[in-house]
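let's see this in three dimensions:
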Amino acid sequence: MAKIITIIESALFLLIAIAPFAIAAGHDYGQALSNSILFFEAQRSGYLPSNQRVNWRGNSGLLDGKASGVDLVGGYYDAGDNVKFGLPMAFTVTMLSWSILEYGSQMASSGELGHAMNAVKWGTDYLIKAHPQPNVLYGEVGDGNTDHYCWQRPEDMTTSRSAYRIDVNNPGSDLAGETAAAMAAASVVFGRSNPAYSRELLTHAHQLFDFADKYRGKYDSSISVAQKYYRSVSGYADELLWAAAWLYKATNDQYYLNYLGENGDALGGTGWAMTEFGWDVKYAGVQTLVAMFLMGGKVGGRSLVFEKYQEKAEMFMCSCMGKGNQNVQKTPGGLIFRQRWNNLQFVTSASFILTVYSDHLTSARKELQCSSGSVAPSELLAFAKSQVDYILGDNPRATSYMVGYGNHFPQQVHHRGSSIVSIKVNPSFVSCRGGYATWFSRKASDPNLLTGAIVGGPDAYDNFADQRDNYEQTEPATYNNAPLVGILARLNVGHAANNQFLPGNFWHVFIHLKCHLYLSVFIKTLFYFSTPITINQKATASWVSNGKTYYRYSAILTNKSGKTIKNFNLTISKLYGSFWGLTKTATGSYEFPKWVSSLPADKSIEFVYIQSAPFADISVSSYTLA
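Okay, the predicted model is just below:
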């Protein structure tokens, strides 16, 4: 007996010693990073380059802009349609650039920096074309109304490719401001590798900012066809500040810092405390940038006004952490929830800000001050990590919301290109309405894998329907992925970046559970080492609801037999809450989920359960080796 206790104590010591690293390595962030960047190649419009890696795509939109006497070939389709919307495209470029500026070295160590920079340049090459004169900017190619009437591959488009622009008589300060921000941010990205291109981008950024500031107005009043799809609800004040902040970061020109100081009150930068950040509402982003300027000692004698920016930035972060006066809503599984339609865009953007700010707080040796108390930088990072882990599969449904990542991910993505057979496989023309009849209504997996796409995600109760017509949940977007690129690069290097420790929620859960419960788990783990199937459980999140603490547990079953396992059954006791990723039989045992018929050698499956109790007891009751 004493020998058994010694083994258990050794196992406990080993867990405590390696737990931070084991938990941080729970997902392959490097693979997810590669996937998330690859998605942008699937969204390309125009002539595809020779090094195009998404081979099922072909050239498209080759006459864009011709009817207006301008070359608008290139750029990105925003989501699952074939329209090029300027506002979200520019925001995508800004966030991709910000990701590189913060975590470019981490991307380089993963071999992805070149791909990320190519993704930025594909966007900026188009934005340069869209800005042919200082006070002219094309903000949309295609018409959402006619486009949504058709279901066609980009290569087959028969819909309108009209080009819509803003100018001095039809202003659009939000569109011009965001595009200025994108150009300025990208100019820093290419400052060393391509200085001539960097200077060209900066020239456009200066001109666009002046245009936006001098001729003020909402872009969707000038480009009315955008109102139904990308309406500028927040107006243009946030984009003016956003552009000024990025121009200051790119140039260190005091004019832009003074602009931020002098216009912070009038344009809402010092007044608005937001609970969202995205392609429409930029306040949290600009406030975070200014707070970083302040921490970096770059604001001179105007510290009081910039401290107001920082106060609002930190209110946003406190609200995400659930430690503010007005906190963001979260699902029972712990995901930030803003709206049913493409909610994950807000999750990735908020998580990026939290990640970046946590690193800057660490460098400044400071903590976040919330109404409920101080928050360590590592807590910010841990929360951002929990959101990313949720997206990658640590959620109540055990579903990855990144297409192509994990064992279970969306198969019927609301995306014209991925849902219709590749033109390279079958060049037969797909008509406007014929695409709906043949491909949209098809109850089968997409013929083309849209690798890396982040779909809209689950609802407020962690529910998700993998159906092509469920566009609110299954449609991806470029601006979902852009912030995620930076976070994944950061998480991929784990605790090494900025010497921060990535604890997830493990220790928070650990202190709430009694040691003898862990002993039980480890005794079982030791036993499993002698069986062909290993079972590893971990607590991935916790939260309090109605005074009770709930835990989200992940159980990963791995086949170590060297052969394929079939007819698999588990016995589970002390399971009191909901579970996802297994099928319960009539006899009360548990078997493979419906989408898994067998488990090959060295492969794993994961299931998730939520309850207010400690770990469930899991054991293998039967299986056969093929």
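
any idea what residue 550 is bridged to?
residue 543 (DSSP bridges).

what about the helices in the stretch 251-400 of the chain?
254-263, 283-295, 303-321, 344-364, 377-392 (DSSP state H, counting those that start in this stretch).

nearest to residue 593 among those helices would be which one?
helix 377-392 (17.5 Å; Cβ to Cβ). Every residue, glycine included, has its C-beta placed from N, CA and C.

compare the helices of the stretch 251-400 of the chain and give me the one nearest residue 430.
The nearest among the helices of the stretch 251-400 of the chain, by Cβ to Cβ, is helix 344-364 at 28.6 Å.

what residues sit buried inside the closest one?
Neighbour counts over helix 344-364 (16 or more other Cβ atoms under 10 Å) mark 344-362 as buried.

tell me how many other residues crowd residue 45.
26 (other Cβ atoms under 10 Å).

ok so, going back, with mean pLDDT and distance to residue 58 added, can I get the helices of the stretch 251-400 of the chain in TSV?
Shown next, in TSV, are those (pLDDT from 0 to 100; distance: least, Cβ to Cβ, whole Å):
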stretch	mean pLDDT	distance to residue 58
helix 254-263	96	42
helix 283-295	97	35
helix 303-321	95	41
helix 344-364	97	28
helix 377-392	97	30
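
and of those helices, who's closest to residue 52?
Of all the helices of the stretch 251-400 of the chain, helix 344-364 comes closest under Cβ to Cβ, at 24.9 Å.

now for the closest one, which elements pack on it?
If contacts are counted by 3 or more Cβ pairs under 8 Å, 6 or more residues apart in numbering; DSSP states H and E, helix 344-364 sits against helix 86-109, helix 283-295, helix 303-321, strand 336-337, helix 377-392, helix 478-492.

mind checking what helix or strand follows the first one in sequence?
It refers to helix 86-109. Downstream of helix 86-109, the next assigned helix or strand under DSSP states H and E is helix 113-129.

gap between whatever helix or strand comes next after that following helix and the chain center?
Moving toward the C-terminus from helix 113-129, the next helix or strand (DSSP H and E) is strand 137-141. Relative to the chain's own centre, strand 137-141 is displaced by 25 Å; criterion: Cα atoms, centre = their mean, to the nearest Å.

and strand 137-141, average pLDDT?
Across strand 137-141, the average pLDDT comes to 98.

can you list the strands that that strand pairs with?
If you go by DSSP bridges, strand 137-141 pairs up with strand 84-85 (antiparallel), strand 163-166 (antiparallel).

compute the inter-axis angle for it and helix 86-109.
Strand 137-141 runs at 90 degrees relative to helix 86-109, counting by axes from the mean of the first three to the mean of the last three Cα atoms, to 10 degrees.

which helices and strands does the strand or helix carrying residue 221 pack with?
Taking DSSP H and E as the definition, residue 221 sits inside helix 219-222. Under the contact definition 3+ Cβ pairs under 8 Å, 6+ apart, helix 219-222 sits against helix 173-189.

buried ones in the helix holding residue 221, by neighbour count?
Neighbour-count burial for helix 219-222 [16+ other Cβ under 10 Å]: 219-220, 222.

just to revisit the earlier point, for the helices of the stretch 251-400 of the chain, which one sits closest to residue 132?
Among those, helix 254-263 sits nearest to residue 132 (Cβ to Cβ), with 24.5 Å.

and for that closest one, what's in contact with it?
Residues from elsewhere that reach helix 254-263 (Cβ atoms under 8 Å, 6 or more residues apart in numbering): 240-241, 244-245, 247-248, 269, 286, 290, 293, 298-300, 302, 305-306, 309.

now swap in stretch 136-149 and tell me
By Cβ under 8 Å, 6+ apart, the surrounding residues in contact with stretch 136-149 are 61, 64-65, 68, 70, 72, 75, 81-87, 129-132, 159-167, 172, 175-176, 179, 208, 211, 219, 223, 225-226, 228-229, 432.

one more time with 7 Å
Contact with stretch 136-149 is made by 64-65, 70, 72, 81-87, 130-131, 159-167, 172, 175-176, 179, 208, 219, 223, 225-226, 228-229, 432, as judged by Cβ atoms under 7 Å, 6 or more residues apart in numbering.
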